[in-house]
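Chemist: Okay, structure incoming, though there's no sequence with it:
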């Protein structure tokens with residue numbers, strides 16, 4: 001009787017919310033959207049499961065809010081995933097599912113696709129961390145944890161970015177489509193922000209406590225974009241190491257690497273290593289060819305060009321991942337030792353034709369921007385003479401051309417400079433991506449932490465103790481979490 005009673009209550013509420021739901025799903029302008037507060041109508045008392053126990057039926061219950069004939073926000077293909085021993089400290093259960101999204105949120109008639117979402121459950125009364133993933137979702141791993149969720153004892157909702165892995169529009173319905181023929185028009189930050197908004201709307205029927213958005217690297221960019229389009233969705237937004245580039249080749253990374261990373265001695269040692277590799281070109285090309293063939297890695301450019309780009313990539317990768325120059329081999333070492341270190345740090349597979357993260361390069365060419373390479377310091381030693389168009393030649397499917405749109409850069413920089421939304425930025429001092437971080441406006445609602453000597457691995461937990469304590473205290477205040 002209790003379950004039947006709750007069922008009929010749910011039906012009544014579903015009918016009562018038809019007008020509200022219609023306004024949510026019929027919206028065609030993500031930029032002007034505001035969050036609809038359903039917390040007074042949702043919550044554990046309406047769910048099918050006991051307090052602090054999340055079950056499959058709860059997600060089916062959310063679907064009562066989906067309008068008949070309009071499957072947007074429909075949750076499907078729900079499966080329970082194992083929670084590893086290390087993750088059990090934070091999560092009681094984990095579920096993976098798909099949520100139906102419009103391919104174009106401004107015109108849902110253009111079709112639908114399913115977006116993969118993973119929920120790590122801590123409790124109905126706990127805060128909710130939505131991970132604004134920039135790439136493939138990895139939360140399905142049994143021991144996956146997320147930093148903010150461990151700090152706040154919060155639920156995690158990770159959203160795989162559209163056009164990645166299992167969340168690719170068009171391809172889901174047509175197996176004949178290839179990466180070269182795929183329609184990339186809807187691979188934009190605005191569309192992904194609308195995806196995130198719909199996920200929050202759908203799952204707010206279950207998780208009615210405050211939300212905080214967070215993402216790392218491209219996910220950090222995604223987090224900023226989400227904040228700019230939907231500033232009312234979350235109590236706070238916490239992008240980690242997120243760049244805001246202004247062009248396909250931004251131009252700020254290269255001088256940053258030349259003048260602002262490590263010490264003068266560090267930079268000289270890195271440059272000497274690069275030159276030593278190039279001085280042994282014949283043997284290095286042979287080792288690279290063998291290395292690539294063994295791994296079945298192919299490229300859009302020649303092996304000599306791949307070697308050149310790997311050498312030019314070396315300092316960027318070195319500082320991005322926070323290595324120490326003490327690990328660079330003696331320059332008198334054998335060819336194999338030097339080559340192995342080059343691959344360990346820079347990794348020629350980065351330049352391969354296509355991999356699971358490659359859709360990123362399309363968005364970089366369209367609106368996110370990227371960094372360049374300066375061949376001038378190696379004059380006379382490179383096969384590559386010009387690097388202006390390298391992104392298209394090396395990475396884009398079918399070497400397609402896309403026109404760069406600077407409006408996202410303008411939107412994000414303006415938004416961060418003027419917003420009253422609560423945001424916390426985390427960066428590493430020597431991370432090359434920090435060269436294109438947004439300016440700190442110095443407002444009370446914006447917290448800005450740069451880890452000294454830090455890299456792309458900068459996190460709240462590895463900040464200096466005073467910074468870490470302040471950041472944690474601030475987050476708990478923003479989310480209303482008591483120790």
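Modeler: In hand now; what should we look at? Quick caveat, the model's predicted, so the values are computed rather than measured.

Chemist: Do I have it right that residue 206 meets residue 64?
Modeler: No: the pair residue 206 and residue 64 does not pass the contact test of C-beta atoms under 8 Å, sitting 11.7 Å apart. Heads up, the C-betas are built off the backbone N, CA and C, glycines and all.

Chemist: between these two, which one's more packed in?
Modeler: More crowded of residue 206 and residue 64, by other C-beta atoms under 10 Å: residue 206, with 22 against 16.

Chemist: Ignoring the adjacent residues along the chain, who's closest to that one?
Modeler: residue 58 (5.6 Å; C-beta to C-beta, 6 or more residues apart in numbering).

Chemist: Relative to residue 326, how far out is the one you found?
Modeler: 52 Å (C-beta to C-beta, to the nearest Å).

Chemist: same question, residue 277
Modeler: In terms of C-beta to C-beta, residue 277 sits 19 Å off from residue 326.

Chemist: And for residue 333?
Modeler: Taken as C-beta to C-beta, the span from residue 333 to residue 326 is 14 Å.

Chemist: Likewise for residue 246?
Modeler: Distance from residue 246 to residue 326, counting by C-beta to C-beta: 35 Å.

Chemist: same check, this time on residue 467
Modeler: 26 Å.

Chemist: When the two are compared, which one has more neighbours?
Modeler: Shown here are residue 467 and residue 326; by other C-beta under 10 Å, residue 467 has more neighbours (17 against 7).

Chemist: Quick one: the helices in the stretch 201-350 of the chain, in order.
Modeler: 218-229, 253-259, 264-279, 281-294, 303-320, 335-345 (DSSP state H, counting those that start in this stretch).

Chemist: Where does residue 425 sit: helix, strand or coil?
Modeler: Under DSSP: H, G, I helix; E, B strand; the rest coil, residue 425 falls in the strand class.

Chemist: Which strand residues bridge it?
Modeler: Counting by DSSP bridges, residue 425 is bridged to residue 448.

Chemist: check contacts around it.
Modeler: Contact analysis of residue 425 by C-beta atoms under 8 Å, 6 or more residues apart in numbering lists 238, 239, 242, 437, 438, 440, 446, 447, 448, 449.

Chemist: just residue 367 next, same as before
Modeler: Applying C-beta under 8 Å, 6+ apart, the residues near residue 367 are 188, 189, 404, 405, 406, 407, 408, 409.

Chemist: what's the closest non-adjacent residue to the fourth one?
Modeler: By that I understand residue 405. Counting by C-beta to C-beta, 6+ apart, the residue nearest residue 405 is residue 367, at 4.9 Å.

Chemist: helix or strand for residue 412, which one?
Modeler: Secondary structure assigned from DSSP states H and E places residue 412 in helix 407-418.

Chemist: Can you name every helix or strand that that helix contacts?
Modeler: Packing partners of helix 407-418 (3 or more C-beta pairs under 8 Å, 6 or more residues apart in numbering; DSSP states H and E): helix 218-229.

Chemist: and the angle for the helix it packs on with helix 407-418?
Modeler: 70 degrees (axes from the mean of the first three to the mean of the last three C-alpha atoms, to 10 degrees).

Chemist: quick one: average confidence on helix 218-229?
Modeler: Per-residue pLDDT values over helix 218-229 give a mean of 98.

Chemist: Need the three-state assignment for the closest residue in space to residue 321 that isn't next to it in sequence.
Modeler: Nearest residue to residue 321 in three dimensions, chain neighbours excluded: residue 455, at 5.8 Å (C-beta to C-beta, 6+ apart). Under three-state DSSP, residue 455 falls in the coil class.

Chemist: For residue 455, grab the count of nearby residues.
Modeler: As a burial measure, residue 455 scores 23 neighbours (other C-beta under 10 Å).

Chemist: Confirm for me that it is in contact with residue 317.
Modeler: No: Residue 455 is beyond contact range of residue 317, at 10.5 Å (criterion: C-beta under 8 Å).

Chemist: What are the boundaries of the strands in the stretch 51-200 of the chain?
Modeler: Under the criterion DSSP state E, counting those that start in this stretch, the stretch 51-200 of the chain contains strands at 75-81, 93-102, 112-121, 128-131, 155-159.

Chemist: Same list (these) but as JSON lines, adding mean neighbour count and mean pLDDT.
Modeler: Formatted as JSON lines, those follow (neighbours: other C-beta atoms under 10 Å; pLDDT from 0 to 100):
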{"stretch": "strand 75-81", "mean neighbour count": "15", "mean pLDDT": "95"}
{"stretch": "strand 93-102", "mean neighbour count": "21", "mean pLDDT": "96"}
{"stretch": "strand 112-121", "mean neighbour count": "23", "mean pLDDT": "97"}
{"stretch": "strand 128-131", "mean neighbour count": "28", "mean pLDDT": "98"}
{"stretch": "strand 155-159", "mean neighbour count": "26", "mean pLDDT": "98"}
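
Chemist: okay if I get these as JSON lines plus distance to residue 417?
Modeler: Below are the strands of the stretch 51-200 of the chain laid out as JSON lines (distance: least, C-beta to C-beta, whole Å):
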{"stretch": "strand 75-81", "distance to residue 417": "37"}
{"stretch": "strand 93-102", "distance to residue 417": "31"}
{"stretch": "strand 112-121", "distance to residue 417": "31"}
{"stretch": "strand 128-131", "distance to residue 417": "24"}
{"stretch": "strand 155-159", "distance to residue 417": "27"}
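
Chemist: right, and those - which one's nearest residue 303?
Modeler: With C-beta to C-beta as the criterion, residue 303 lies closest to strand 112-121 of those, at 36.3 Å.
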